[in-house]
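Chemist: Quick one, structure for this:
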Amino acid sequence: RAREKTPSAGFYETPELLASVGRLLGFDPRGVLSSGHVDFMWHAFGENMLDELAAGLLERVGRTGARRVVIDGMGGFIAAPGFRERGGAFMAALMNELRRRGATTLVTVEQQDASHALVLDPATMSALADTVLDLHLDLGSSVRRFVSVRKSRVSRCDLRRHELVLGEAGLAVLEEDRLAP
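Modeler: Purely as a prediction, here's the structure:
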């Protein structure tokens with residue numbers, strides 16, 4: 001759907017910075033990030049109210065009829081006053097409402113440590129997500145990026161770890177047997 005707007009709620013980088021970085025790194029050669037197809041909702045980290053964040057997001061989804069939504073990242077909600085008391089149930093209700101409206105939502109959650117432990121408790125993650133991907137870095141002699149599926153409610157999938165390589169031709173997902181030990 002070429003003309004569909006995609007709401008993107010972000011807490012870390014301004015829309016201008018994201019568009020600039022996308023151009024500089026070659027991720028956005030057609031200027032999609034600055035074309036208006038992405039409906040950026042930038043909120044400074046830490047000064048937001050849960051209900052206002054959710055209401056603004058749902059209003060934009062309703063107004064645009066968006067079928068795809070990006071929340072970058074969950075930390076913006078976690079830092080909001082009231083999250084500690086309402087967090088898991090609040091986020092589950094928001095995700096359920098987005099699903100009810102027919103939107104597929106991509107939510108990023110940054111790990112707090114290298115243990116790959118989820119920031120949110122397992123019950124909350126189960127309510128929030130149909131699919132959970134683990135993206136992580138291996139900081140050996142060179143930086144390597146890996147992806148694996150932690151959970152998939154809606155389909156059978158390959159649960160093996162795969163290396164992600166970003167090159168001039170785009171993103172490549174290497175087969176497990178090509179991974180160096």
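
Chemist: from here on, contacts and neighbour counts on C-alpha atoms
Modeler: OK.

Chemist: How about the helix or strand of the chain with the lowest mean pLDDT, which residues are buried there?
Modeler: Between all helices and strands in the chain, the lowest mean by mean pLDDT, DSSP states H and E belongs to helix 122-128, at a mean of 75. By 16 or more other CA atoms under 10 Å, the buried positions in helix 122-128 come out as Thr124, Met125, Ser126, Leu128.

Chemist: what's the following helix or strand after it?
Modeler: Counting by DSSP states H and E, the next helix or strand C-terminal to helix 122-128 is strand 131-139.

Chemist: Restricting to C-alpha, output that following strand in CSV.
Modeler: Provided in CSV are the C-alpha atoms of strand 131-139 (Å, rounded to 0.1, in the frame of the first residue of the first chain):
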residue,chain,number,x,y,z
THR,A,131,6.1,-12.9,17.7
VAL,A,132,9.2,-12.0,19.6
LEU,A,133,12.6,-11.6,17.9
ASP,A,134,15.9,-11.5,19.7
LEU,A,135,18.3,-9.2,18.0
HIS,A,136,21.7,-9.2,19.6
LEU,A,137,25.4,-8.2,19.0
ASP,A,138,28.4,-10.4,19.4
LEU,A,139,31.3,-8.1,20.3
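
Chemist: Quick check: can you name the pairing partners of that strand and their directions?
Modeler: Strand pairing for strand 131-139, determined by DSSP bridges: strand 143-152 (antiparallel).

Chemist: Could you pull out the helices in this structure for me?
Modeler: Using DSSP state H, the helices found in the chain span residues 15-25, 50-64, 74-78, 83-100, 122-128.

Chemist: Buried residues, the second one. List them.
Modeler: Neighbour-count burial for helix 50-64 flags Leu50, Leu53, Ala54, Leu57, Leu58, Arg60, Val61 (criterion: 16+ other CA under 10 Å).
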